[in-house]
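**Student:** Give me a 3D structure for the following:
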Amino acid sequence: MTIYKQPGSPYYYYDFYFEGRRYQKSTHLRNKTIAHRVREGKSDRAVRDVPITSCALPIFKRRLSNAKGEYLFPRRVGNGYDWSRPMTELEPAHLRALRKSEIQPPFRLYDLRHTYGTRAVEAGIDVFSVAKLMGHADLRTTERYVHLSKAHLEDAQKKIERYRVRQRSL
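**Tutor:** Residues are numbered from 1 along each chain as shown. Coordinates of the predicted model:
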């Protein structure tokens, strides 16, 4: 079995969830761009190096070994693939995968970028680093992506309380 056999496979979702990439950037990955970083950006001015996680790197390497052309995610043509052109449409495959898996509630692919931003902040990564990793030039953009849970906010409040207690005891 090849990794990313279908765009709607769990491996494809893995890239969005664990790497936080825009799906357009993932579908345009080329054989020569994969090492331990990926150069990407929404515009030419925003191009940056994005580290590939240690979990995703083996998946990309397997995909590289199975690639029959320039792109890791080739364009689907009829029952085959055109390896000289990148995939441009992912939504139909995503919707088929949702129907087949019966995942409820259904979600948009872009929701996984929101999940990435939220999980990164909840894991303790500072918001400035999250903004850089997600390719945001403005923290207000990152703020729209991060949706903190009540439990996370309660934990943050407890940390502040513990800090205040330590400060008073000095």
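
**Student:** C-alpha only now, for contacts and for neighbours.
**Tutor:** OK.

**Student:** now stretch 141-160: mean pLDDT?
**Tutor:** The pLDDT scores in stretch 141-160 average 92.

**Student:** Walk me through the domains of the protein.
**Tutor:** 1-104, 110-170 (automatic domain parsing).

**Student:** how far is the helix or strand hosting residue 99 from where the chain is centred?
**Tutor:** Following DSSP states H and E, one finds residue 99 within helix 91-101. Centroid separation between helix 91-101 and its chain, computed with Cα atoms, centre = their mean, to the nearest Å, is 18 Å.

**Student:** re earlier: weakest of the domains of the chain by average pLDDT?
**Tutor:** Minimum mean pLDDT among these: domain 1-104, a mean of 68.

**Student:** Any buried residues in the helix holding residue 99, and which?
**Tutor:** 94, 95, 97, 98 (16 or more other Cα atoms under 10 Å).

**Student:** After that helix, heading C-terminal, what element do we hit next?
**Tutor:** helix 111-122.

**Student:** pull the CA atoms of the very next helix or strand once past that next one into CSV?
**Tutor:** Sequence order places helix 127-134 as the next helix or strand after helix 111-122, per DSSP H and E. Extracted in CSV, the C-alpha atoms of helix 127-134 (Å, rounded to 0.1, in the frame of the first residue of the first chain):
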residue,chain,number,x,y,z
VAL,A,127,1.8,32.5,20.2
PHE,A,128,4.6,34.2,18.3
SER,A,129,6.1,30.8,17.3
VAL,A,130,2.7,29.5,16.3
ALA,A,131,2.2,32.5,14.1
LYS,A,132,5.5,32.0,12.4
LEU,A,133,4.9,28.2,11.9
MET,A,134,1.5,29.0,10.4
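
**Student:** So what touches helix 127-134?
**Tutor:** 20, 21, 50, 117, 120, 121, 137, 138, 139, 142 (Cα atoms under 8 Å, 6 or more residues apart in numbering).
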